[in-house]
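> Provide a 3D model corresponding to the input given below.
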Amino acid sequence: MFYFNFIVVQFSPWCDPRYFISIVVLLVGNSMTGITLGVAALTGYQANRKELEAALM
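Residues are numbered from 1 along each chain as shown. A predicted model of the protein is given here:
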């Protein structure tokens, strides 16, 4: 988060809430969505483990 805020965006006062809070909330929300989708996909594979292993072979 800090890399994106300081290196990519480079807004002048680092504590400016209109940039900092907005960007941090977007990054955290997208990370939580990605983790949730990944966990949901992994738990779905546990039910069909034999079919998945057969497909990988």
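> could you pull out the helices for the chain?
2-3, 17-47, 49-56 (DSSP state H).
> what's the most buried one of these?
helix 17-47 (a mean of 11; mean count of other C-beta atoms under 10 Å). No exception for glycine: its C-beta is placed from N, CA and C like everyone else's.
> same question for that helix, mean pLDDT?
Mean pLDDT, computed over helix 17-47, is 84.
> please state the offset of it from the chain centre?
4 Å (C-alpha atoms, centre = their mean, to the nearest Å).
> and that helix, what does it pack against?
Contacting helix 17-47 under the criterion 3 or more C-beta pairs under 8 Å, 6 or more residues apart in numbering; DSSP states H and E is no other helix or strand.
> give me that answer again for 10 Å
Contacts defined by 3 or more C-beta pairs under 10 Å, 6 or more residues apart in numbering; DSSP states H and E place helix 17-47 against helix 49-56.
> who does the helix it packs on touch, helix- and strand-wise?
helix 17-47.
> quick one, the helix it packs on and helix 49-56 angle?
100 degrees (axes from the mean of the first three to the mean of the last three C-alpha atoms, to 10 degrees).
> quick check: phi and psi at D16.
phi -70, psi 110 (degrees, to the nearest 10).
> could I get the helices of the chain in TSV, plus columns for distance to F11?
Compiled in TSV, the helices of the chain are given as follows (distance: least, C-beta to C-beta, whole Å):
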stretch	distance to F11
helix 2-3	12
helix 17-47	5
helix 49-56	46
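> of these, which is nearest V9?
Within these, the stretch nearest V9 is helix 17-47; the backing value is 6.5 Å (C-beta to C-beta).
> how about the helices of the chain, which one is nearest Q10?
helix 17-47 (10.0 Å).
> quick check: V9 vs L26, distance?
To L26, V9 is 12 Å away according to C-beta to C-beta, to the nearest Å.
> start and end of stretch 2-13, how far apart?
13 Å (C-alpha to C-alpha, to the nearest Å).
> distance from that stretch to the middle of the chain?
19 Å.
> not counting it itself, show me its contacts.
By C-beta atoms under 10 Å, 6 or more residues apart in numbering, the residues outside stretch 2-13 that reach it are W14, D16, R18, Y19, F20, I23, V24, L26, L27.
> equivalent analysis for stretch 36-53, please.
A54, A55.
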